[in-house]
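S.K.: Structure, please.
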Amino acid sequence: MDSRHVVDTFLDFFTSRGHRRVTGTTLLPPPGDPVLFTTSGMHPLTPYLEGRPHPLGDRLVNVQRCLRTTDLDEVGDPTHLTVFEMLGSWSLGSYDGRQSLRWGHELLCDGFGVDPGLLHVTVFGGDGQVGPDTRSIDTWTSLGVPVELTGSENWWSNGPTGPCGPDSEVFVWTGDGPPTGTPTTDDRWMEVWNHVMMRYRRGSDGSLSPLSESTVDTGMGLERLLMVLQGKLSVFETDLLSGWVLPWDLPDPRPVVDHLRSGVVVIGDGVTPSNTGRGYVLRRLLRRTLTTLWREDPSHTLSDLPEPLVRGTLTHFGQTSDRVFEVLRDEERRFRSLMTRGRSLVSRYRGPLTEDDLRYLHETHGIPRDLVEVLRTS
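M.R.: The predicted structure follows:
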């Protein structure tokens, strides 16, 4: 299955079961939301998961592009990306978690053809306040899927207060040979889908009270699912990213591919580099890329990036922007200037730099800590 077929299969499965598709998949959250970028498929639906009626009804499905900076240092491994797509389904009081799990199993095994013997799940095993999630345990057991009980790893909350509840994570075996171990003991089990059952509300005193109407929120990473279905060892080998062949010879091109692709999508959503907020995230992505490129060869330039890569990514995400290369070139010019000025400033320090030195360079001259380290070793 290519990516288009996978997305269509997912959407068709849930729309045939009464779900309405939610559109509007920008990375930018609605006005007033303090979060810089949409980080999950459920993020734009938070008010409805807390009880507000949704205009499309109580069964929803969508494909949401997301951005997470918490994984920046992990990007480049087989499964992490900065910008990724989340396949999501929701029940706003229409059906419970047991139905969601049964449908999830049906779609994975019958719809996508995943071998049932390659599945393993984790389920909330209870803590001092709430007992084991027996509903999920019984459902998975009846489907013949092995269950591992955990603690806080399978308890979902959106903060210290508000809706919360147990979740069940679905893993697929990606190793050679028959499956061994469990998801918490063998990292060859890769998580692909999470089903969250919001059954409680946590108060400011830490107490839990049952919700009058529970909701179900599921999220499945498209790129990881493609990795499984296409038999690849990395998300970078799937049809969504394999076309990103860079014009530079790099020891490990994956972090650069991720950051440039993510930067293109962020620019496509109307963001430009700056020193604060969303613009700083974009600036950080591009400057991390340039730092890597210039370590290999100072003559590397983002102008070498093939235009079809950029256009193909924008088309996939439904974006149109004639400003991408203009933004990339402008940020590269600014960063080269900063590097030249910064090298002169940093060269004045002979011994180890103190925290005050680093703070001064950053706050007065705009040279962040990671760039100082590059300048001192280049």
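
S.K.: use CA for all of it now, contacts and neighbours both
M.R.: OK.

S.K.: ok so residue 107 is a strand residue?
M.R.: No. Counting by DSSP: H, G, I helix; E, B strand; the rest coil, residue 107 falls outside a strand, being helix.

S.K.: quick one: it and residue 13 touch, right?
M.R.: Yes. Counting by CA atoms under 8 Å, residue 13 is a contact partner of residue 107 at 7.3 Å.

S.K.: pLDDT below threshold where in this structure?
M.R.: 24, 71, 378 (pLDDT under 70).

S.K.: which residues of it fall in helices?
M.R.: Listed in chain order, the helices of the chain (DSSP state H) span 3-15, 46-49, 97-106, 134-142, 222-229, 254-268, 277-296, 307-316, 324-346, 355-365, 369-377.

S.K.: wait, which of those helices is closest to residue 66?
M.R.: helix 254-268 (10.0 Å; CA to CA).

S.K.: Just want the angle from the closest one to helix 277-296.
M.R.: With axes from the mean of the first three to the mean of the last three CA atoms, to 10 degrees defining the directions, helix 254-268 sits at 150 degrees from helix 277-296.

S.K.: which residues sit against helix 254-268?
M.R.: 27, 75-77, 81-83, 236, 244, 246, 282, 285-286, 288-289, 292, 310, 313-314, 317, 319-321, 323-324, 327 (CA atoms under 8 Å, 6 or more residues apart in numbering).

S.K.: Off-centre distance for it?
M.R.: What separates the centre of helix 254-268 from the centre of its chain is 13 Å, taken as CA atoms, centre = their mean, to the nearest Å.

S.K.: same thing with stretch 361-376?
M.R.: On CA atoms, centre = their mean, the centre of stretch 361-376 falls 28 Å from the chain's centre.

S.K.: Same question for stretch 190-202.
M.R.: On CA atoms, centre = their mean, the centre of stretch 190-202 falls 16 Å from the chain's centre.

S.K.: same check, this time on stretch 82-98
M.R.: 15 Å.

S.K.: Equivalent analysis for stretch 111-128, please.
M.R.: That offset, for stretch 111-128, works out to 20 Å (CA atoms, centre = their mean).

S.K.: Give me the buried positions along it.
M.R.: 112, 114, 116, 118, 119, 120, 121, 122, 123, 124, 125, 126 (16 or more other CA atoms under 10 Å).

S.K.: Buried subset of the contacts of helix 254-268 as a PyMOL selection?
M.R.: Typed into PyMOL, the line below selects the buried ones among those, using 16+ other CA under 10 Å:
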select buried, resi 27+75+76+81+82+83+236+244+282+285+286+288+289+292+310+313+314+317+319+321+324+327
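
S.K.: now the strands for the stretch 101-250 of the chain?
M.R.: All strands of the stretch 101-250 of the chain, identified by DSSP state E, counting those that start in this stretch, fall at 119-124, 147-150, 155-157, 162-173, 189-202, 208-221.

S.K.: In its sheet, which strands sit next to the fifth one, and in what direction?
M.R.: Read it as strand 189-202. Its sheet considered, strand 189-202 pairs with strand 162-173 (antiparallel), strand 208-221 (antiparallel) by DSSP bridges.

S.K.: Over to the third one?
M.R.: Looking at strand 155-157 with DSSP bridges, its paired strands and their directions are strand 162-173 (antiparallel).

S.K.: tell me the angle of the strand it pairs with relative to helix 134-142?
M.R.: Using the same axes, to 10 degrees: strand 162-173 against helix 134-142 is 20 degrees.
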